[in-house]
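**Q** Sequence and predicted model, in that order:
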Amino acid sequence: MTSTVTSVVVDKMAGRPRAPRLLSNNVLPHANLQLLSVIPKDIYQQMTSDMSWITWLAENRLIRNGNQCAVCLQAMALTRRQNRGIGYDWMCQTCSTRTSLKTGSFFAKTRLDTKTIVMLMYYWVYAVKSTNVMLFENITDWHIIVDYNNFFRVECEKWINQRQLQLGGIDLNGQPVVVEVDESYFFHRKYHLGRRRNGSWVFGMVERGTGKCWLEIVPRRNAATLEPIMIAHLLPGTVVMSDAWGGYVNVATINNGVYMHEVVVHAQNFVDPLRQDIHTQSIEGLWMQVYISIFIQKRLLNKAMNCRHENLYLTI
Ligand SMILES: [Zn+2]
């Protein structure tokens, strides 16, 4: 009798799969993640089970793929924890310490569930109106949306500030990439139209074709101010497309001529009739986008559409 029981126990142990130490063997490299475009349909598909959801979070580097016990320094095991949090915990099989799957991630100190937060990220990226987001996610407190939007903005600011975004250079076919540069004056909103005070100059650069851009508030718009920003953010080989403003007179001689310079004469034509590629329509479009996004926040889109970029308002 005793031997039978023992054999059952042994069989049970042998048949039980070892609790996984990693969520996925397919965590995406950073470079792939930057090129990834995700649509809600793909996200919803992952949400159908707790396991597929946490695997997706790990593969997209939104949570840790594995965890180590702080006491025993051993790899922790994935353990089911139904009806609480994310559905699973990490557990040390030696000392039984449990750790949340959210530890060390963007979600660590958040209260909303991870599925809702990922959807809020998505809505924020696509500037979905807060009233609609409340409806879609069944959130009754408008402040929750505002708080998360601020959280996302701060995280993106950190990311941008951690790396020097570079534009232009030479493309895969060996052709120089065009970057349009321009400055625009943004007014603070509380002042009336036509009263030019308390504003800021913003220097903008946008890569033609990809729309990759860099915007920076500048104290002045002279060569001494603009050139270091161009050197920091434009790769050698770039064709710099600008207007005839004095701040750009030396662009072709920066660092012994690492850039080419093409000048657009705004007063005459936005598109040079002889050289159709000499224009700054990408940067004009960027100013309009910035302008509209500022005004959408203020629910003043109609007014925005009737104004030119010279009348931009800065809300910070
Ligand atoms: Zn332990």
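**A** Sure, I can see it. Numbers count the residues shown, from 1 in each chain.

**Q** residue boundaries of the helices in the protein?
**A** 2-15, 30-35, 40-46, 50-59, 114-125, 130-137, 142-162, 223-233, 281-297, 301-305 (DSSP state H).

**Q** Now tabulate those helices in TSV and tack on mean pLDDT and distance to the ion.
**A** Quick note: C-beta positions are derived from backbone N, CA and C, even for glycine. Conversion of the helices of the chain to TSV gives the following (pLDDT from 0 to 100; distance: least, Cβ to the ion, whole Å):
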stretch	mean pLDDT	distance to the ion
helix 2-15	44	21
helix 30-35	78	30
helix 40-46	90	30
helix 50-59	94	21
helix 114-125	91	25
helix 130-137	93	37
helix 142-162	86	31
helix 223-233	93	47
helix 281-297	72	48
helix 301-305	38	56
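
**Q** tell me, how many neighbours does Thr99 end up with?
**A** When neighbours are counted by other Cβ atoms under 10 Å, Thr99 registers 17.

**Q** Contacts only, for it.
**A** When contacts are counted by Cβ atoms under 8 Å, 6 or more residues apart in numbering, Thr99 touches 67, 76, 89-91.

**Q** What of Asn65?
**A** Going by Cβ under 8 Å, 6+ apart, Asn65 touches 22-24, 27, 58.

**Q** What is the burial count for the nearest residue to Ile139 once chain neighbours are set aside?
**A** Computed as Cβ to Cβ, 6 or more residues apart in numbering, the closest residue to Ile139 that is not its neighbour in sequence is Ile145, at 6.5 Å. Neighbours of Ile145 under the rule other Cβ under 10 Å: 21.

**Q** quick one, what contacts Ile145?
**A** 120, 130, 133-134, 139.

**Q** Would you mind checking those residues for buried ones?
**A** With neighbours counted by 16 or more other Cβ atoms under 10 Å, those contain buried members at 120, 130, 133, 139.

**Q** Assess the claim that Gln166 and Pro236 are in contact.
**A** No - Gln166 is beyond contact range of Pro236, at 10.1 Å (criterion: Cβ atoms under 8 Å).

**Q** how close does Cys182 sit to Arg163?
**A** No, residue 182 isn't Cys; it's Asp. 23 Å (Cβ to Cβ, to the nearest Å).

**Q** how about Met47, what does it touch?
**A** Contacts for Met47 were tallied using Cβ under 8 Å, 6+ apart; they are 53, 115.

**Q** next one: Leu57
**A** Counted by Cβ under 8 Å, 6+ apart, Leu57 has contacts 23, 63, 101, 114, 118.

**Q** Walk me through the regions of the stretch 151-300 of the chain where pLDDT falls short of the threshold, as ranges.
**A** 188-198, 266-276, 292-300 (pLDDT under 70).

**Q** Next, count neighbours for Cys92.
**A** As a burial measure, Cys92 scores 21 neighbours (other Cβ under 10 Å).

**Q** If we ignore the residues flanking it in sequence, what's nearest it?
**A** Cys69 (3.7 Å).

**Q** Correct me if wrong: that neighbour contacts Cys95.
**A** Yes - between Cys69 and Cys95 a contact is recorded at 6.5 Å, counting by Cβ under 8 Å.

**Q** higher neighbour count, these two?
**A** Between Cys69 and Cys95, counted using other Cβ under 10 Å, the more crowded position is Cys69 (20 against 11).

**Q** about what we covered before: adding neighbour count as columns, could you present the contacts of Asn65 in a markdown table?
**A** Formatted as a markdown table, those follow (neighbours: other Cβ atoms under 10 Å):
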| residue | neighbour count |
| --- | --- |
| Leu22 | 14 |
| Leu23 | 23 |
| Ser24 | 16 |
| Val27 | 18 |
| Ala58 | 21 |
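
**Q** Need those in TSV (columns: distance to Asp171).
**A** Compiled in TSV, the contacts of Asn65 are given as follows (distance: Cβ to Cβ, whole Å):
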residue	distance to Asp171
Leu22	38
Leu23	37
Ser24	34
Val27	30
Ala58	34
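
**Q** Closest to the ion out of those residues?
**A** The closest of the contacts of Asn65 to the ion turns out to be Leu22 (Cβ to the ion; 17.3 Å).

**Q** Quick check: the residue of the stretch 201-316 of the chain nearest the ion.
**A** Per Cβ to the ion, the residue of the stretch 201-316 of the chain with the smallest distance to the ion is Lys212, at 45.7 Å.
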